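Peer 1: the amino acid sequence is not available; the structure is as follows:
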DNA sequence: TCAAAAGTGTTATTAGTACACCCATGT
DNA sequence: ACATGGGTGTACTAATAACACTTTTGA
C-alpha cells in the first residue's frame, strides 16, 4: 500500500459576544503561506495527546479562561488534499465559547491576535487563509443551532448576568431581535437554565435587573427555537 | 518538535431500516487485535483523497447503493492515543443511510459482513472492537437528531414509498410509535418533503396507500420534533 | 417628571395531541 | 361481512407572538 505522511492539526474557532455582535479570534499570519491574511488559531496534534486535549491546549495558548466558564466542542474535520500547500494536513475543527470581555494573553504571538466581528469577516472582502472561511461559516452555523437546545449561551456571559444580557447573546448569535418580555418568561421558566441570585444590578439606566447564574441543566427543555 | 506517525482512517456507520428496527452494518474481525469481535467497516485515507471521497469509497466497498439514493455525512473524529493498539490512528467517522433491503456485495470480506439491530448491539453484552461502541452510539444520536429537521429519512426508503413506510422509518430510528393520522397530515403538508406519484399500492391488506417519492427539500419547514 | 429598561398581563394565533370515524381494498 | 390499514374531521391543549401596561431606577 502507498503511504503518505499526514499530519493532524486542531483548528480553533473561538467566539465571544461584545456590543451585541458575535466576535471570533483570528490570527494575522506572519509568514508564508497566506502571509498577512487572517487564519484560525491552531496547531498540530502532539504525541500522546487526545484531540480534546490538543484543542484545550491551543485555546489556553491564546486566551486565559477557566474550563468551567467556557464551552469547547469538536464540530467537523477537513481533509481536502490541497487545503494546505505545505503538505497533507487533516484539520479537526473545534469551536469555543468564552465570556466577554476576553483577555488575550501574551502567548508569543499575542501581537498578531485579532478579534473580528463574524459578520464582517464572512463578507466577501476579507482575506482568509486556507479553507478557514468555510470552517468559520460551519462553526457559526453549529453555534447557532447549539443555542436552540442547549444551555451553552450562558458560557458567553460571565458567572453572573442579567436576563437582558443573555438575550443579547441570543440576538448576537442568531442576528435577530427577540421580544424581551417573551424571552424573559421563557428563559426563567425552563428548569435549571438560569437561577436567581436574589441580587440586582443597575447598570445602564432603567429599572434594576435581577442577577442570575447558570444552572445545572445542559439541555433546554423545551428548546428555544430561533424565529424563522 | 517531536514528531509521531499518525494515520488517518475513515470509519463508517451504515444504517438501514428493516422490520421496524434500525440496523447497522458491522464487520466480524478476522485478525488481531480484537479478533472475532464486531467492528465498524473502514479504512485508511489514501494519498490525494478527500475525506468524503474516502468515506464514499469505503461505503461502496461494502454495499452497492447509488449516491442519489443514500445520505452520507461526517459526524465526529476520534483520536484518543490508546484507541488502536497498533499505533496512533485518528478516525474520522461518517454515517450513511441506505434503503432497505440492502444488498451486501461480495467485496472480498463479504462473508464477514453482519447486519445487526442497533438496540441489540448497544446492549452491554455485545463484543465491540476499539472504541466503536461509542462511535455507534454517537452516530445513532446524530441520525435521530437529523430526522427532526432534514429530509434524510427518505433515504431509508426506496425511490417510491408510502407515508406509512416513512412513518415506520421514524418509529424505528426514534424507537417511539407515532400517531399515523397526525404523521400523515404533517408530512404531506411540508412543502417538497414528499410528492405524490398519483399511484397506489395494496401490499399487506387494508385500503391501498398512495405512493410518494422524495421531494427537493433538504430541510424540514417546520421541523418534525420527536416526542419527549 | 421623564426616559429607559425590567418585568407582568392579556389575548390571538398557531402547532401539537388524541381519538373518533369514514374509506377502499383483500379474503 | 369483516378485518386491515389509509386517510379525514374535530375538539382539546400547549406553545408562540404581539403588545399594552406597570415597576423601579437614574438623570
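Peer 2: Structure received. Just so we're clear, the structure is a prediction, and the values are computed from it rather than from any experiment. Residues are numbered from 1 along each chain as shown, chains lettered A, B, ... in the order given.

Peer 1: could you chop chain A up by domain?
Peer 2: Using the TED database, the domain ranges for chain A come out as A:7-148, A:152-214.

Peer 1: quick one: the first one near DNA strand D?
Peer 2: Going back to what we said before, that points to domain A:7-148. No: judged by C-beta under 7 Å from any atom of the strand, domain A:7-148 stays clear of DNA strand D, getting no closer than 9.7 Å. In short, each C-beta sits where N, CA and C put it, glycine included.

Peer 1: give me the distance from that domain to the chain's centre.
Peer 2: Distance of domain A:7-148 from the chain centroid (C-alpha atoms, centre = their mean, to the nearest Å) equals 9 Å.

Peer 1: please see if that domain touches DNA strand C.
Peer 2: No: judged by C-beta under 7 Å from any atom of the strand, domain A:7-148 and DNA strand C are separated, with a smallest distance of 11.6 Å.

Peer 1: what's the first-to-last distance across that domain?
Peer 2: Between the start and the finish of domain A:7-148 there is a gap of 35 Å, counting by C-alpha to C-alpha, to the nearest Å.

Peer 1: same question for it, mean pLDDT?
Peer 2: Average pLDDT, domain A:7-148: 92.

Peer 1: establish whether stretch A:28-38 and chain B are in contact.
Peer 2: No: taking C-beta under 8 Å from any C-beta of the partner chain as the criterion, stretch A:28-38 and chain B are apart, separated by no less than 15.9 Å.

Peer 1: report the buried residues of that stretch.
Peer 2: A:29, A:34, A:37-38 (16 or more other C-beta atoms under 10 Å in any protein chain shown).

Peer 1: equivalent analysis for stretch A:13-32, please.
Peer 2: For stretch A:13-32, by 16+ other C-beta under 10 Å, it's A:13-17, A:21-27, A:29.

Peer 1: coming back round to it: can you lay out the buried residues of stretch A:28-38 as CSV showing secondary structure?
Peer 2: Listed next are these as CSV, based on DSSP: H, G, I helix; E, B strand; the rest coil:
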residue, secondary structure
A:29, coil
A:34, coil
A:37, coil
A:38, strand
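
Peer 1: would a markdown table of those residues with distance to residue B:50 be doable?
Peer 2: Listed next are the buried residues of stretch A:28-38 as a markdown table, based on distance: C-beta to C-beta, whole Å:
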| residue | distance to residue B:50 |
| --- | --- |
| A:29 | 24 |
| A:34 | 21 |
| A:37 | 23 |
| A:38 | 24 |
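
Peer 1: what's the farthest-apart pair in those residues?
Peer 2: A:34 and A:38 (8.7 Å; C-beta to C-beta).

Peer 1: now list whatever residues contact both of these two.
Peer 2: residue A:129 (C-beta atoms under 8 Å, 6 or more residues apart in numbering or on different chains).

Peer 1: closest one to residue B:226 among the domains of chain A?
Peer 2: domain A:7-148 (14.3 Å).

Peer 1: tell me which residue is most central in chain A.
Peer 2: In chain A, the centroid-proximal residue (C-alpha atoms, centre = their mean) is residue A:15; its distance is 2.8 Å.

Peer 1: any residue of stretch A:49-68 touching chain B?
Peer 2: Yes: contact between stretch A:49-68 and chain B, assessed by C-beta under 8 Å from any C-beta, occurs at A:49-51.

Peer 1: so among those, which ones count as buried?
Peer 2: For the residues of stretch A:49-68 next to chain B, buried by 16+ other C-beta under 10 Å: A:49, A:51.

Peer 1: and chain A, which residues reach chain B?
Peer 2: Counting by C-beta under 8 Å from any C-beta, chain A sits next to chain B at A:1-4, A:6-8, A:44-51, A:74, A:76-81, A:88, A:90, A:92, A:221, A:228.

Peer 1: so which of the domains of chain A comes closest to residue B:187?
Peer 2: domain A:7-148 (22.2 Å).

Peer 1: and the strands in chain A, which stretches?
Peer 2: A:6-18, A:21-28, A:38-39, A:42-44, A:71-78, A:88-97, A:113-117, A:160-162, A:194-201, A:209-214 (DSSP state E).

Peer 1: how about those in a markdown table, adding distance to residue A:129?
Peer 2: Shown next, in a markdown table, are the strands of chain A (distance: least, C-beta to C-beta, whole Å):
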| stretch | distance to residue A:129 |
| --- | --- |
| strand A:6-18 | 11 |
| strand A:21-28 | 9 |
| strand A:38-39 | 4 |
| strand A:42-44 | 11 |
| strand A:71-78 | 13 |
| strand A:88-97 | 12 |
| strand A:113-117 | 13 |
| strand A:160-162 | 35 |
| strand A:194-201 | 39 |
| strand A:209-214 | 35 |
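
Peer 1: residue A:98 reaches residue A:63, doesn't it?
Peer 2: Yes: with contact defined as C-beta atoms under 8 Å, residue A:98 reaches residue A:63; the gap is 6.2 Å.

Peer 1: residues in contact with residue A:116?
Peer 2: Counting by C-beta under 8 Å, 6+ apart, residue A:116 has contacts A:23-26, A:38, A:126.

Peer 1: rewinding a little: buried among the residues of chain A next to chain B? Make that a PyMOL selection.
Peer 2: A single PyMOL command selects the buried members of the residues of chain A next to chain B (16+ other C-beta under 10 Å):
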select buried, chain A and resi 6+7+8+44+45+49+51+74+76+77+78+79+80+88+90+92
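
Peer 1: who does residue A:117 bridge with?
Peer 2: residue A:23 (DSSP bridges).

Peer 1: same question, residue A:196
Peer 2: residue A:212.

Peer 1: that one and residue A:156: what is the separation?
Peer 2: Distance of residue A:196 to residue A:156, computed by C-beta to C-beta, to the nearest Å: 19 Å.

Peer 1: repeat for residue A:138
Peer 2: Taking C-beta to C-beta, one finds residue A:138 at 19 Å from residue A:156.
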